[in-house]
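1. return atomic coordinates for the entry below.
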Amino acid sequence: QVQLVESGGGSVQAGESLRLSCGAVPGTMISIKDMGWYRPAPGNEREPVATITTDGDTKYADFVKGRFTIFRDNAKKATYLQMNTLKPEDTAVYYCNARYGSGAVFSAWGPGTQITVSA
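-> Numbering: from 1, shown residues only. Here you go, the predicted model:
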């Protein structure tokens, strides 16, 4: 089982930046596969904001392309989301996700971190 710890949320003005961090608790021996950041979408589903594979291939939601950058540190089993030029519509709880497992693939979620962007 993988437990994730997040940090970096907060309240900012539009146009400012934040960096979110997410990592597996120290001592985690399980190999982490894809990692990503998600936020709630209409209907209570979580939609992907940005994802990254172990090889560093990234995908971004259209509404963050050019503003957000995801990267990871495989040795630390961590991922980061650099959020630039934040907009009020970016306000949400952001959840870190990690896929893991050597046969079957499992999914772990962080507790979520609140981002509030005021105009």
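
2. residues in contact with the residue sitting furthest away from the middle of the chain?
-> Residue farthest from the centre of the chain, counting by Cα atoms, centre = their mean, is residue 103 at 23.9 Å. For residue 103, no contacting residues are found, by Cβ atoms under 8 Å, 6 or more residues apart in numbering. Backbone N, C-alpha and C define where each C-beta goes, glycine included.

3. where's it relative to residue 62, distance?
-> 34 Å (Cβ to Cβ, to the nearest Å).

4. residue 3 now?
-> Taking Cβ to Cβ, one finds residue 3 at 31 Å from residue 62.

5. next: residue 48.
-> 11 Å.

6. the two: who's more crowded?
-> residue 48 (15 against 6; other Cβ atoms under 10 Å).

7. quick check: bridge partners of that one?
-> Beta-bridge partners recorded for residue 48 (DSSP bridges): residue 38.

8. and it, how close does it get to residue 90?
-> 14 Å.

9. and if you look at residue 21?
-> Relative to residue 90, and taking Cβ to Cβ, residue 21 is found at 17 Å.

10. who has more neighbours out of these two?
-> residue 90 (21 against 18).

11. tell me which residues touch that one, please.
-> By Cβ under 8 Å, 6+ apart, residue 90 lies in contact with 64, 83, 115, 117.

12. swap in 7 Å and give it another go.
-> 83, 115, 117 (Cβ atoms under 7 Å, 6 or more residues apart in numbering).

13. which SS class is the last one?
-> What that stands for is residue 117. strand (DSSP: H, G, I helix; E, B strand; the rest coil).

14. coming back round to it: you'd agree the residue farthest from the centre of the chain is in a helix?
-> No: using three-state DSSP, the assignment for residue 103 is coil, not a helix.

15. tell me the contacts of the most centrally placed residue in the chain?
-> Nearest to the geometric centre of the chain sits residue 37, at 2.5 Å (Cα atoms, centre = their mean). Neighbouring residues of residue 37 by Cβ under 7 Å, 6+ apart: 20, 49-50, 70, 81, 94, 96.
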